[in-house]
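**Student:** I'd like to go over a predicted model; first the sequence, then the structure.
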Amino acid sequence: MTCGMPLDYECFILMLMSYAERVLDYYNNPRNAGTLDKNSQHVGTGLVHVSEYVDVVRFQIEVNPVTHVIRDARFKTFGCGSAIACSSITTEWIKGKTIEEAFRLDHMEIVEALSLPPSKIHSAILTEDAVRAAINDYRFKNGMEPAVEEYEEPADYYDERD
Amino acid sequence: MLQLPVYLDNNATTPLDPRVLETMLPFFTQHFGNASSRHHAYGWAAEAAIDLAREQVAALIGADPKEIIFTSGATEADNLALKGVFEMYADKGNHIITTEVEHKAVLDTCKHLEKLGASVTYLKVNEEGMIDLKELESAITAKTIIVAVMYANNEIGSINPIREISAIAKRHGVLMMSDITQAAGKVPVNVTKDGIDLAAFSAHKLYGPKGIGALYVRRKSPRVKVTAQMDGGGHERGMRSGTLNVPAIAGFGKACELAMQEMEEEGKRLGAMRDKLENALLQLEETYVNGSRAHRLPHVSNISFRYVEGEALLMGFGKEVALSSGSACTSASPEPSYVLKALGLGDDLAHSSLRFGLGRFTTEEEIDFTINAVTATVNRLREISPLWEMFKEGEDMNAIEWSHQ
């Protein structure tokens, strides 16, 4: 622009403040983006989408068949910056966990880790769905029953009602 | 030296031209008078500025100065035109015809009038963004009072065949209103030749200040009347009360004068740069121009980059290029652009769109920079897009096997 109006750099900072720095970090330098061999016996693949947002997440895990510990994870995501960040941060979190531990991932942990605004919670939910779909794909391939979400009743549920 | 980010969102707003600012400044401090003060020099100076500006604004669209009603902007002008005509012509009928791709200032005003008893026809558009003229004609009934069709679309830049549309309206004795906000000062608009009875536009889209606009209201054949929506001192021939914003109006006038002088040359220059940008970006695979390319504003290009998401693209070069996207990936408004949807685009392409709006201060260097920035980001995001990988592996994109959720 040569119209002679200096543009204050502060307006960027304001613009970017709405996204936590960690989202931008994962967006700019996505960790573990890529593909694992979906035909491998040790790889589970979850491919999920939210039609109205047109977000698509593919989450893959590679599992040690003896210990059931996830030794590698990869993602590819079509969606806004926070959708990409949610998938990427979860690949880091999931490595080294057993498939049972990983299944208990709560999307609110991702929301907190990335300081997502309420309008972006759907991105974290989609990653959670993708992780679970990947785990169940692995379980199916290896003759295990699908894992289901456990509903944990709050310990003091009944006390409070009294 | 390139100043970042490059501004390519000139359909949202334009920077004030320094020559406009210079025109405005004396009216803040030195000539601060109220244009309605008839008995002293301060008032006369303000009034003279208003008179000159009214001539400049009228000249841009081939109108008579008496036909210009200053408003706070195009939104107010759209409201005044539609609500004012609806009230004034209540005896004749209650039917309004408009299109699906109008600006929200028209669409939401129509929605409001529907609650007050109006019957509104929203004409569909084809993939170019054009209405079917036969459909328009057959929609006209004895109760139809006004046809409202925008001159040029704000998202895709398509230009409507206004002369043909107004000829149909005239043949049936129906008023023709047009939101000319995106077209005024960019392509020649002439209310007489184009057969427009009411036209709404604003200054900040043509390098003038924000907060000022105008409604053109035809005075002869036919003499159009609108009921005031703002009551008070009876300014603007009783159609819009409120002390006139003298500095803004003076700036609006200057901006119109400059636009009139520079429109032709500027249009050629921007058209060449737009084509360069567009052709370079179309080198990327699975990239599409949205809307008509033949009938389009010279400075606008709306492009979808399939398999990457618009908001992610904007984040990618947010520090480098300022643009708009047809995507809206928040739970507050999950729907992508209604204009792109009306063209028949699927959600995927609508979410993958970017609008490039060049302007008076856009340089060749900025276009080259933008081509590189957008290309790099599209390629980078496609590398991590599962859809792109499936596409490249030749999978049937309509038969993707999703996991059970």
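**Tutor:** Sure thing, it's come through.
**Student:** In which helix or strand does the single nearest residue of chain A relative to chain B reside?
**Tutor:** Of all residues in chain A, A:Ala133 sits closest to chain B, at 3.4 Å by C-beta to the nearest C-beta. Just so you know, the C-beta spots here come from the backbone N, C-alpha and C atoms, and that holds for glycine as well. Take DSSP states H and E as the rule and A:Ala133 turns out to sit in helix A:121-141.
**Student:** Show me which positions of stretch B:26-34 end up buried.
**Tutor:** Buried residues in stretch B:26-34, defined by neighbour count with 16 or more other C-beta atoms under 10 Å in any protein chain shown: B:Phe27, B:His31, B:Gly33.
**Student:** if we take the residues you listed, which one ends up nearest to B:Ser353?
**Tutor:** Here the nearest of these to B:Ser353, counting by C-beta to C-beta, is B:Phe27; it sits at 40.6 Å.
**Student:** Please report how far that closest one lies from B:Ile146.
**Tutor:** If you measure B:Phe27 against B:Ile146 using C-beta to C-beta, to the nearest Å, the figure is 35 Å.
**Student:** repeat for B:Gly318
**Tutor:** Counting by C-beta to C-beta - B:Gly318 and B:Ile146 are separated by 41 Å.
**Student:** follow-up on the earlier one: ok, the residue of chain A closest to chain B touching B:His404?
**Tutor:** Yes - with contact defined as C-beta atoms under 8 Å, A:Ala133 counts as touching B:His404 (7.1 Å).
**Student:** Between those two, which is the more surrounded one?
**Tutor:** Under the neighbour definition other C-beta atoms under 10 Å in any protein chain shown, A:Ala133 and B:His404 were set side by side, and A:Ala133 has more, 23 against 11.
**Student:** tell me, how many neighbours does the spatially closest residue to the more buried one that is not a sequence neighbour end up with?
**Tutor:** Sequence neighbours aside, A:Gly46 is the residue nearest to A:Ala133 in space, at 2.9 Å (criterion: C-beta to C-beta, 6 or more residues apart in numbering or on different chains). Using other C-beta under 10 Å, A:Gly46 has 25 neighbouring residues.
**Student:** surely A:Gly46 meets A:Glu128?
**Tutor:** No - between A:Gly46 and A:Glu128 there is no contact under C-beta under 8 Å: 10.1 Å.
**Student:** how does chain B divide into domains?
**Tutor:** Here the domain parsing of chain B from automatic domain parsing is B:6-11+B:263-392, B:18-259.
**Student:** Give me the distance between the two termini of the shortest one.
**Tutor:** According to C-alpha to C-alpha, to the nearest Å, domain B:6-11+B:263-392 extends 32 Å from its N-terminal end residue to its C-terminal end residue.
**Student:** go on, the last one?
**Tutor:** Using C-alpha to C-alpha, the end-to-end distance of domain B:18-259 comes out at 13 Å.
**Student:** Wasn't B:Lys111 part of a helix?
**Tutor:** Yes - counting by DSSP: H, G, I helix; E, B strand; the rest coil, B:Lys111 is located in a helix.
**Student:** what's the spacing between it and chain A?
**Tutor:** 22 Å (C-beta to the nearest C-beta, to the nearest Å).
**Student:** Check the burial of that residue by counting its neighbours.
**Tutor:** So B:Lys111, with other C-beta under 10 Å, has 13 neighbours.
**Student:** Spell out which residues sit in contact with it, please.
**Tutor:** B:Val120 (C-beta atoms under 8 Å, 6 or more residues apart in numbering or on different chains).
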